[in-house]
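Chemist: sequence and predicted structure below; questions after.
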Amino acid sequence: MLYAGGRSLLHAPPTTLRSVTSRCFIRRPLSSQIRMSTQLVEHVVLFNVRDKTDPIKVNAMVNGLNGLKSLDMVLHLTAGPIHRHRSSSLKFTHMLHSRCRTKDDLSNYSGHQSHLGVVRETVLPICEDIMAVDWEAEDLVGPVVPPPGSAMRLQFVKLKDGLGEREKEEVVGVIGGLQEMIGVGSHISFGENFSPARAKGFSIASIGFFPGLSELDAAAEKAEIVKQKDRVRDYIDGLVVVDYVVPSSHSASL
């Protein structure tokens, strides 16, 4: 979540991370959170850094954002350059993906002086556009902290005006159904955006997590996945699609 002048640029009231079976969460070291079924809140920010920005300033932004993962209330956070941009109308250069457990955790993160300082000093001075979405990811099966080298495909969906809940639910259902098709070791987080202020009208979001880029590309080319997406293509007014590779702690800057 980004702030400027003490006011939130994004409003993201999260829900509680809890086990699907017990509806409670026992804090474990992140390294032990290898694979679990959970409900949590996803927070994604896309940045468009101005052309010809000094690389030193870009590195300062990326390093500053990644440094926020050390805050106690942050469950997971990664930030870095976008690997591939597949959208025609909107341009972004960098991405942040974070996860949190409770509303209080995200609120404390948003108001933390370290976060405010990074945004004020390194993000706002060099970015000409920022877009963000938040959604509740239920029954998420996979690592809470995606490992370095794993690939992510982020997709934001803008529905055509005049569509009702039936069409929206159909789109969400198609995205959720892709879980059974994307391959072993991969999984999808998806849901409806509940923070419209910086979402530019995009109301549905998803991230596909893959062991690497080869697995991501193979899934994208599967005929059955393309067929499922074609079912709801007439409902869609716009898409933002970006690919991102989770960097190691030594290669996040670019």
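Modeler: Nice, I can see it.
Chemist: any idea which helix or strand comes after the helix or strand of the chain with the lowest mean pLDDT?
Modeler: Counting by mean pLDDT, DSSP states H and E, the weakest-scoring helix or strand in the chain turns out to be strand 18-19, with a mean of 33. Next helix or strand after strand 18-19 toward the C-terminus (DSSP states H and E): strand 36-49.
Chemist: that following strand pairs with which strands, parallel or anti?
Modeler: Counting by DSSP bridges, the strands paired with strand 36-49 are strand 18-19 (antiparallel), strand 94-100 (antiparallel), strand 127-142 (antiparallel).
Chemist: can you tell me which of these is most buried?
Modeler: Highest mean neighbour count among the strands paired with strand 36-49 (mean count of other C-beta atoms under 10 Å): strand 94-100, with a mean of 24. Yep, even glycine has a C-beta here, placed from its N, CA and C like the rest.
Chemist: using CSV, write out every CA atom in it.
Modeler: Provided in CSV are the C-alpha atoms of strand 94-100 (Å, rounded to 0.1, in the frame of the first residue of the first chain):
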residue,chain,number,x,y,z
HIS,A,94,8.3,-3.1,-12.0
MET,A,95,6.1,-5.0,-9.6
LEU,A,96,5.6,-5.6,-5.9
HIS,A,97,3.8,-8.7,-4.6
SER,A,98,3.1,-9.0,-0.9
ARG,A,99,0.9,-11.1,1.4
CYS,A,100,-0.4,-10.5,4.9
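Chemist: now do the SS call for residue 175.
Modeler: On the three-state scheme (DSSP: H, G, I helix; E, B strand; the rest coil), residue 175 is labelled helix.
Chemist: count the neighbours of it for me.
Modeler: Neighbour count for residue 175, taken as other C-beta atoms under 10 Å: 22.
Chemist: which stretch in the strands paired with strand 36-49 is the model least sure about?
Modeler: Among those, strand 18-19 carries the lowest mean pLDDT, at a mean of 33.
Chemist: need the helices for the stretch 51-200 of the chain, in chain order.
Modeler: Assigned by DSSP state H, counting those that start in this stretch, the helices in the stretch 51-200 of the chain fall at 55-67, 103-111, 113-118, 165-177.
Chemist: packing partners for the third one?
Modeler: Secondary-structure packing of helix 113-118 (3 or more C-beta pairs under 8 Å, 6 or more residues apart in numbering; DSSP states H and E): helix 55-67.
Chemist: next, the angle from the helix it packs on to strand 127-142.
Modeler: Per axes from the mean of the first three to the mean of the last three C-alpha atoms, to 10 degrees, the angle that helix 55-67 makes with strand 127-142 is 30 degrees.
Chemist: now helix 55-67: mean pLDDT?
Modeler: 98.
Chemist: buried set for stretch 101-116?
Modeler: 101-102, 105-110, 112, 115-116 (16 or more other C-beta atoms under 10 Å).
Chemist: same deal with stretch 224-243?
Modeler: Residues of stretch 224-243 classed as buried: 225, 228-229, 232, 236, 238-243 (neighbour count, 16+ other C-beta under 10 Å).
Chemist: contacts for that stretch, please.
Modeler: The contact list for stretch 224-243, computed with C-beta atoms under 8 Å, 6 or more residues apart in numbering, reads 46, 82-87, 89-90, 92, 95, 131, 151-161, 163, 167, 170-171, 174, 177-178, 181-182, 201-202, 213, 216, 219.
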